[in-house]
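[1] I would like the atomic coordinates for the input below:
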Amino acid sequence: MILVIGATGNVGRQVLSQLHAMGTADVRALVLPRAAASARVPNGIGVAVGSLDAPDGLAEALTGIETVFLVWPFLSTRGAPAVLEAIARNARRLVYLSSIGVDGRPEERDDPIFKLHAGMERLIEESGLPRTVLRADTIASNTLSWADQIRATGVVRGPLTAPTAVIDPRDIAAVAVRTLTDDTHLGSTYRLTGPRTISRPEQVLAIGAAIDRELRFEEVPVQDSRAQMLADGRPPALVDALLSAAENRSASTLVTSTVADLTGRPPRSFQQWARDHHESFR
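    Numbering: from 1, shown residues only. Here you go, the predicted structure:
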């Protein structure tokens, strides 16, 4: 039996649907208590209610589980050892969604997101859980946060980050499904990217083409963005995490063949993702 932690997120939903589509019989989705009534999962997928904030309450969700897919939703590793201990008491292997920036360039190692995932990988290794690690590049669904700006003004305003090989959540999920259902991937760490690097302005243009509307990207200095986010009441740690890409990450030319190697099909382009999700921006 497989437990999907992060089942209502952009990647977790795809993991559930792809496991369901391939006929995997025993799958369970972990959902937060506040989302239990509204959680939409495919027919035949079990639902367990629990929170990573309360690992003592995960016993029922983990009963009978052999394999766990884990997305860690917090900005620190506080509480992770207790969660991993609870998983290790029941499961015999773990697939963890990490970041491609782990073990990256020295100048990027202070990036809060990369540091978080590096810390989680260390804790997983120390737990002794047999594991597979999926280090994903920038996820295409992150651009859904632009939808309000696009609908209201047609202009996406924000800091300019270095281009990366943005990856479709469906392709991350396809690799996750392979590793969740095949023991031969135990001990492996895979770097997952899209088919080519793409900048933020190019992503905005691709969304514009998908909705047949002229859009543009307008760069905002990082310090101006930080001041506005703090004034809006966002926690400083969250602001640092959201702006870290613009401050710390350098241009990347990394494109891997991992998606094609493990799934037998090439990764989708960002343009394809935008076309398939055009209604989210209208």
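
[2] quick one: buried residues of stretch 51-65?
    When neighbours are counted by 16 or more other Cβ atoms under 10 Å, the buried residues of stretch 51-65 are found to be 51-52, 55, 58, 61-62, 65. For the C-beta atoms, the positions are set from N, CA and C on the backbone; glycine is no exception.

[3] out of these, who's nearest Thr193?
    Proximity of those to Thr193 (Cβ to Cβ) peaks at Leu52, which lies at 27.4 Å.

[4] endpoints of stretch 124-144, how far apart?
    30 Å (Cα to Cα, to the nearest Å).

[5] same question for stretch 2-11.
    Termini of stretch 2-11 sit 15 Å apart (Cα to Cα).

[6] chain center to it: distance?
    10 Å (Cα atoms, centre = their mean, to the nearest Å).

[7] give me the contact list for that stretch.
    12-13, 15-16, 19, 24, 26-32, 35, 39, 41, 48, 52, 61-62, 65-71, 73, 91, 97, 139, 141, 144, 169, 172-173, 176, 180-181 (Cβ atoms under 8 Å, 6 or more residues apart in numbering).

[8] before we move on, the earlier item: redo the buried residues of stretch 51-65 as JSON lines? Include secondary structure.
    Below are the buried residues of stretch 51-65 laid out as JSON lines (DSSP: H, G, I helix; E, B strand; the rest coil):
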{"residue": "Ser51", "secondary structure": "coil"}
{"residue": "Leu52", "secondary structure": "coil"}
{"residue": "Pro55", "secondary structure": "helix"}
{"residue": "Leu58", "secondary structure": "helix"}
{"residue": "Ala61", "secondary structure": "helix"}
{"residue": "Leu62", "secondary structure": "helix"}
{"residue": "Ile65", "secondary structure": "coil"}
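
[9] taking those residues together, which two end up most distant?
    Counting by Cβ to Cβ, the most remote pair of the buried residues of stretch 51-65 is Ser51 and Ile65, 16.4 Å apart.

[10] if we can go back for a sec, now, of the contacts of stretch 2-11, which are buried?
    The buried subset of the contacts of stretch 2-11 (16+ other Cβ under 10 Å) comprises 12-13, 15-16, 19, 24, 27-31, 39, 41, 48, 52, 61-62, 65, 67-71, 91, 97, 139, 141, 169, 172-173, 176, 180.

[11] and the gap between Leu32 and Ala48?
    11 Å (Cβ to Cβ, to the nearest Å).

[12] how about Glu214?
    46 Å.

[13] now Glu66
    15 Å.

[14] repeat that for Arg122.
    Applying Cβ to Cβ to Arg122 and Ala48 gives a distance of 27 Å.

[15] over to Leu116?
    25 Å.
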